[in-house]
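Peer 1: Sequence below, structure please.
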Amino acid sequence: MKIHKDAVVFCTRDCDIVVQVPRPLKMHLGDFVTSRRVKAQRSARRLLSVVFLLSCGAGATLGAGPLVDSWLLEGKSAFGTAPSTEKSTTSPDPLQMRYDATHYDVELWIDPDDQHLTGSVTLTMDVLVDLDTVVLDLVDGMTVLAAAVIDPYVQYTAFTHGNDRLAMTLPQTHIAGSSLTVTVIYQGYPEPYGLYGLQFVPRYDGAIVAASLSEPWSARSWWPCKDIPSDKATFTMTVTMPEAYTVVSNGVAIAQPSRSPGIAAGLARLHDDIGVPSEKDNSYVPKTTTWSQPLQMSTYHVSVAASIYREIVQTVDLMDGPLELHHWVYPAHYNEAVEDFSVLPDMMAFAEDLFGPYPFLSQKYGMTVFDWDGAMEHPTATTYSSIFITGDHWFDTIIIHELAHQWFGNLVSPTDWTHVWLNEGFATYVEALWAEHKGGRAALKWFMQARSNTTWWTEPVVRAPDQTSPWYYFSNMIYYKGAWVLHMLRREMGDPAFFGALMNWCDDPALRFGNADSDDFRAVCENSYDGDLSWFFDQWLLRSTNPEIGVLWAPHQEMGANSVTIDFAQLQEPDPVFGAAPYRLPIDVVIATADWDTTVTIVLNNFETQVSIPTPAQVVSITLDPDRWLLFDLVEMVGVAEQTTLSPQMSLRAAAPNPFHGRTSIRWETSTPSRDEITVYDLRGRLIRQLPTFSGAPGERSVAWNGHDDDGRPCPSGTYFFTVISRPDDGSLPARATGSLILSR
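Peer 2: Below is the predicted model of the structure:
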């Protein structure tokens with residue numbers, strides 16, 4: 001890749017591909033080449049986002065804001081720099097379903113110099129089925145020092161640790177309906193698992209950032225837990241680190257954990273027995289920080305971010321009262337961060353208007369900077385790459401995306417990773433809504449158009465379970481097609497019902513701070529819509545194909561009356577599960593004459609649909625889906641002009657019969673002696689049949705077609721078009737005419 005002032009050149013073995021750079025980006029190219037590493041990274045990420053979207057077919061215009069793509073930059077994509085391990089972890093161990101985790105009390109002693117972690121995790125659970133073994137998720141790379149039942153007595157348990165699972169054998173069986181508290185003390189050097197985990201990264205200035213990102217199943221890489229999204233719990237996080245470090249986690253800062261006397265006494269004895277780190281053991285002056293999250297959240301949401309920070313504090317007035325915004329940033333980026341995060345009050349008011357009150361009002365919201373190329377929607381404390389701190393709002397799209405997750409993903413979380421579109425598709429569509437809010441419908445159309453490349457989307461939106469790669473659950477299709485599902489659903493339901501459904505989704509007591517799946521969302525939508533939407537969700541969430549549309553249109557004039565005939569064909573391949581089933585597509589079509597136009601909505605629910613529409617004059621163009629509300633590929637659109645006005649030496653006559661079953665006659669008339677060539681094409685523009693050449697005197701002519709291709713194979717039912725090219729014997733310019741045929745078997 002070469003960087004020039006106005007373009008980026010990608011050099012391949014065979015050619016150079018030049019991408020012209022939009023003007024707002026040109027000022028950053030010099031940074032990419034000459035400035036320090038952080039500026040270069042920022043510019044490279046900007047450049048990558050621009051080139052990526054341009055390759056998707058986005059225009060050079062920036063619409064309502066910069067060209068930024070959340071899937072590309074959020075860090076959970078294959079374009080990110082995250083290490084990854086192939087682990088199949090979407091299903092829990094069956095023994096884990098015997099209990100419900102209710103509260104985690106986590107204590108960590110983190111040495112950033114040695115990148116070592118010692119931890120004590122106390123889990124309180126409700127026993128659902130008689131229980132004699134507690135199974136937790138914990139990677140084999142961590143060493144378990146002790147496991148015990150406490151409250152108030154410490155009863156050490158035997159345990160086995162292998163295949164990334166910790167199994168504790170209880171001293172006695174605990175019966176269903178009882179409560180149980182266990183503690184695990186462990187230590188080790190955290191390593192990436194799944195996507196990330198807890199990592200130690202040097203900043204550009206040499207300081208260390210210790211930060212976690214546990215989506216989808218990386219929590220087990222740094223603390224023992226029941227690591228599935230469906231078992232939410234409350235949390236307390238206590239972290240001891242060197243005094244210079246500021247530690248940020250979920251919820252609110254408190255003086256110390258609130259524990260029952262029995263748990264406090266049991267933990268004190270257990271810690272004393274094992275000898276967890278204490279002040280006398282540390283080579284640094286320690287500082288202990290405690291954060292409390294009294295609202296339920298999933299294990300992948302538990303966050304720790306620690307570094308040398310400077311804090312930014314804002315206050316925003318929300319619909320249910322004031323909220324403090326706390327941002328922790330690198331001191332060198334303070335001024336830029338103040339500017340970048342100044343949009344959050346407006347964004348929060350926008351989100352509350354659409355989705356209801358901010359879910360964590362009694363706590364905080366803020367951005368905590370780390371040094372990875374990504375972002376993560378940790379409840380109340382989004383983790384945000386330092387590369388995105390630019391001071392010019394270039395990455396506002398990422399800010400609104402992560403804020404949207406506080407409702408979509410944090411308030412209501414997916415039951416499992418097969419329904420992760422409920423997180424990422426929703427947050428991506430909120431980006432589109434923000435673009436619409438700032439730039440109107442044109443910006444919304446641009447945003448969706450830039451994310452409509454269906455050639456990548458060859459799998460269902462609802463994911464398969466137990467896939468080994470975390471990338472599978474965070475492909476671009478989940479973000480983009482997930483957003484398109486919501487965009488099309490909005491058009492189908494209408495704005496009042498659609499936005500009412502989003503508000504109800506976030507306000508349903510059965511869902512708030514709980515879990516839901518795609519069927520739950522469909523039920524909420526149907527209740528708001530007051531109608532059946534199963535057909536919509538089935539075709540857009542479960543099918544592997546996407547609609548491919550071919551169009552043939554022709555104006556007609558008969559006895560002074562004008563009309564236009566439009567033939568639509570759905571050309572997508574059969575779906576592996578649903579087979580050869582057509583999509584139901586309500587498509588807007590703009591029909592225009594020289595000085596008039598109108599928009600009609602045509603519902604395509606068969607493989608072939610033909611409509612005839614009267615017009616005041618001859619139609620000169622048609623446009624499909626002008627406002628970009630529908631997801632489809634336009635494979636071919638052929639416009640056939642009224643032939644008697646275009647070619648005085650030749651005119652078509654109606655093919656007969658048409659539609660036809662066995663054979664049809666293609667008919668035309670010439671006014672001069674000529675040699676005529678007749679060809680038949682399908683709606684993709686592929687040559688199907690070269691019919692015999694006709695030569696003769698002026699007059700009516702015809703040739704028969706039996707519905708077979710050049711190899712003698714019968715063609716499938718569908719719409720075809722034929723072309724007649726008449727070459728006059730006197731050497732004058734040839735005439736060309738095209739008509740349509742419908743083969744019905």
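Peer 1: Could I get the pLDDT score of residue 728?
Peer 2: If you check residue 728, the pLDDT there is 89.
Peer 1: Would you mind measuring from it to residue 670?
Peer 2: In this structure, residue 728 and residue 670 are 8 Å apart, going by C-beta to C-beta, to the nearest Å. C-beta here means a position set from N, CA and C on the backbone, and glycine is covered the same way.
Peer 1: any residues in contact with both of the two?
Peer 2: Applying C-beta atoms under 8 Å, 6 or more residues apart in numbering, one finds that residue 728 and residue 670 are jointly contacted by 649, 735.
Peer 1: Can you name the residues in contact with stretch 452-462?
Peer 2: By C-beta under 8 Å, 6+ apart, the residues outside stretch 452-462 that reach it are 56-57, 418-419, 421, 425, 475-478, 480-482, 484-485, 518, 540-546, 628, 631-633.
Peer 1: follow-up on the earlier one: looking at residue 728 and residue 670, which is more packed in?
Peer 2: Neighbours were counted for residue 728 and for residue 670 using other C-beta atoms under 10 Å; residue 670 has more, 22 against 18.
Peer 1: what are the bridge partners for the more buried one, then?
Peer 2: Beta-bridge partners for residue 670, by DSSP bridges, are residue 650, residue 699.
Peer 1: so it makes contact with residue 727?
Peer 2: No: contact criterion C-beta atoms under 8 Å: residue 670 and residue 727 do not qualify, at 10.2 Å.
Peer 1: Mutual contacts of these two, please.
Peer 2: Joint contacts of residue 670 and residue 727 (C-beta under 8 Å, 6+ apart) are residue 676.
Peer 1: Now go through the contacts of stretch 452-462 and say which are in strands.
Peer 2: With strands taken from DSSP state E, the overlap with the contacts of stretch 452-462 comprises residue 633.
Peer 1: For residue 277, which non-adjacent residue is closest in space?
Peer 2: Take residue 277 and drop its neighbours on the chain: the residue closest to it by C-beta to C-beta, 6 or more residues apart in numbering is residue 109, 4.1 Å away.
Peer 1: show me what contacts the one you found?
Peer 2: Residues 117-119, 239-240, 276-277 are the ones in contact with residue 109 under the rule C-beta under 8 Å, 6+ apart.
Peer 1: Those residues into CSV, with extra columns for secondary structure?
Peer 2: Converted to CSV, the contacts of residue 109 look like this (DSSP: H, G, I helix; E, B strand; the rest coil):
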residue, secondary structure
117, strand
118, strand
119, strand
239, strand
240, strand
276, coil
277, coil
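Peer 1: which one among those gets closest to residue 213?
Peer 2: Of all those, residue 117 has the smallest distance to residue 213: 15.4 Å, by C-beta to C-beta.
Peer 1: From residue 190, how far off is the closest one?
Peer 2: Distance of residue 117 to residue 190, computed by C-beta to C-beta: 6 Å.
Peer 1: Let's see which of the contacts of stretch 452-462 end up in helices.
Peer 2: Mapping the contacts of stretch 452-462 onto helices (DSSP state H) picks out 421, 425, 476-478, 480-482, 484-485, 518, 540-541.
Peer 1: re earlier: assumed the residue nearest to residue 277 was part of a strand.
Peer 2: Yes: membership of residue 109 in a strand is supported by three-state DSSP.
Peer 1: Bridged to it, which residues?
Peer 2: Residues in a beta bridge with residue 109, per DSSP bridges, are residue 118, residue 240.
Peer 1: and residue 327, what element?
Peer 2: Per DSSP states H and E, residue 327 falls inside strand 321-329.
Peer 1: Pull out the CA atoms of that strand and give them to me as CSV.
Peer 2: Extracted C-alpha coordinates of strand 321-329, given in CSV (Å, rounded to 0.1, in the frame of the first residue of the first chain):
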residue,chain,number,x,y,z
GLY,A,321,-32.7,13.0,36.9
PRO,A,322,-29.1,14.1,36.7
LEU,A,323,-26.3,11.6,35.8
GLU,A,324,-22.6,12.0,36.2
LEU,A,325,-20.4,11.1,33.2
HIS,A,326,-16.9,9.9,34.2
HIS,A,327,-14.2,9.4,31.6
TRP,A,328,-10.7,8.1,32.4
VAL,A,329,-8.2,9.1,29.8
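Peer 1: hmm, back to that, residues shared between the contacts of residue 117 and residue 190?
Peer 2: Counting by C-beta under 8 Å, 6+ apart, the shared contacts of residue 117 and residue 190 are 198, 222.
Peer 1: Comparing these two, which residue is more hemmed in?
Peer 2: Shown here are residue 117 and residue 190; by other C-beta under 10 Å, residue 190 has more neighbours (24 against 21).
Peer 1: what does the helix or strand containing residue 354 rub up against?
Peer 2: Using DSSP H and E, residue 354 sits in helix 344-355. Defining contact as C-beta under 8 Å, 6+ apart, one finds that helix 344-355 is touched by 314, 316, 318-319, 323, 325, 358, 365, 399-400, 403-404, 406-408, 430, 433-434, 437, 499, 502-503, 506.
Peer 1: And for stretch 687-695?
Peer 2: 666, 674-682, 701, 703, 705, 708-710, 715, 720.
Peer 1: Please list only the buried members of the residues you listed.
Peer 2: Burial by neighbour count, judged by 16 or more other C-beta atoms under 10 Å, picks out 666, 674, 676-678, 680-682, 701, 703, 705, 715, 720 from those.
Peer 1: Please list the members of those that lie in helices.
Peer 2: Going by DSSP H, the helices hold none of these.
Peer 1: between those residues, which is closest to residue 383?
Peer 2: Set against residue 383, the nearest of these by C-beta to C-beta is residue 682 (52.0 Å).
Peer 1: pLDDT score for that closest one?
Peer 2: 84.
Peer 1: Would you mind measuring from it to residue 550?
Peer 2: Noted for residue 682: a distance of 8 Å to residue 550, by C-beta to C-beta.
Peer 1: What are the buried residues along stretch 602-616?
Peer 2: Under 16+ other C-beta under 10 Å, the buried positions of stretch 602-616 are 602, 604, 607-610, 613, 615.
Peer 1: can those residues go into JSON lines with extra columns for distance to residue 310 and secondary structure?
Peer 2: Below are the buried residues of stretch 602-616 laid out as JSON lines (distance: C-beta to C-beta, whole Å; DSSP: H, G, I helix; E, B strand; the rest coil):
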{"residue": "602", "distance to residue 310": "58", "secondary structure": "strand"}
{"residue": "604", "distance to residue 310": "57", "secondary structure": "strand"}
{"residue": "607", "distance to residue 310": "62", "secondary structure": "coil"}
{"residue": "608", "distance to residue 310": "65", "secondary structure": "strand"}
{"residue": "609", "distance to residue 310": "62", "secondary structure": "strand"}
{"residue": "610", "distance to residue 310": "67", "secondary structure": "strand"}
{"residue": "613", "distance to residue 310": "64", "secondary structure": "strand"}
{"residue": "615", "distance to residue 310": "66", "secondary structure": "strand"}
